[in-house]
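>>> structure, please.
(one chain, ligands or ions: 1)
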Amino acid sequence: VEVPVQLRVNGQTVLLQLAPWVTLLDLLREQLLLTGSKKGCDQGQCGACTVLVDGVRMNSCLLLAVSLDGRDITTVEGLAALAGADACGPNALHPLQQAFIDCDALQCGYCTPGQLCSAAGLLNEHPPAHAHEIRERMSGNICRCGAYPQIVEAVSRVAL
Ligand code: FES
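Now for the predicted structure:
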């Protein structure tokens, strides 16, 4: 039995009929073709699938899409638009994305969409006071390349 669900995804309303077991991550990647969000572990361990739900960072692999009726989802594809009018157009970047480029805050890039969404969620929470606090609060996002110093530097440039 499929369930009707209405979501707002990166500013667009989408109406769907979904099986109750479809995760938000699989919906984004396989049905909406928003493949920026990555599947690392599919168990809530790695953070590669992090998106914003009503501005709060969450692991999309742990969320059933049918439980999100009426919610507002932002993926890495919609991050630049969150930054406002300065960031319009297909090549626009969120300040965090620019900082990741400037700081060389990635190697393979697989974790990067999740790192960016997690950092955006961090900015929506209370502001961090120190770089080590950013490291702690980004600890749900694993980087197998070990680019942590550059990731913390990039987030620090925007957050501190
Ligand atoms: Fe969701 Fe790893 S894929 S936390």
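
>>> show me which residues of the chain sit near the ligand.
39-42, 44-49, 59, 61 (Cβ under 6 Å from any ligand atom). To be clear about C-beta, it is placed using only N, CA and C from the backbone, and glycine gets the same treatment.

>>> make it 8 Å
Residues of the chain that fall close to the ligand, judged by Cβ under 8 Å from any ligand atom: 25, 38-50, 59-62, 114, 140, 142.

>>> from the residues you listed, which would you call buried?
Listed as buried from the residues of the chain next to the ligand are 25, 38-40, 46-50, 59-61, 114, 142; burial here means 16 or more other Cβ atoms under 10 Å.

>>> if we can go back for a sec, take the residues of the chain next to the ligand and keep only those in helices.
If you go by DSSP state H, the residues of the chain next to the ligand have 25, 114 in helices.

>>> return the subset of the residues of the chain next to the ligand lying in strands.
Among the residues of the chain next to the ligand, the residues falling in strands (DSSP state E) are 50, 59.

>>> quick revisit: could the buried ones among the residues of the chain next to the ligand go into CSV alongside pLDDT?
As requested, those are arranged in CSV below (pLDDT from 0 to 100):
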residue, pLDDT
Leu25, 98
Lys38, 98
Lys39, 98
Gly40, 97
Cys46, 98
Gly47, 98
Ala48, 98
Cys49, 98
Thr50, 98
Asn59, 98
Ser60, 98
Cys61, 98
Gly114, 98
Ile142, 98
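
>>> perfect, I'm done here.
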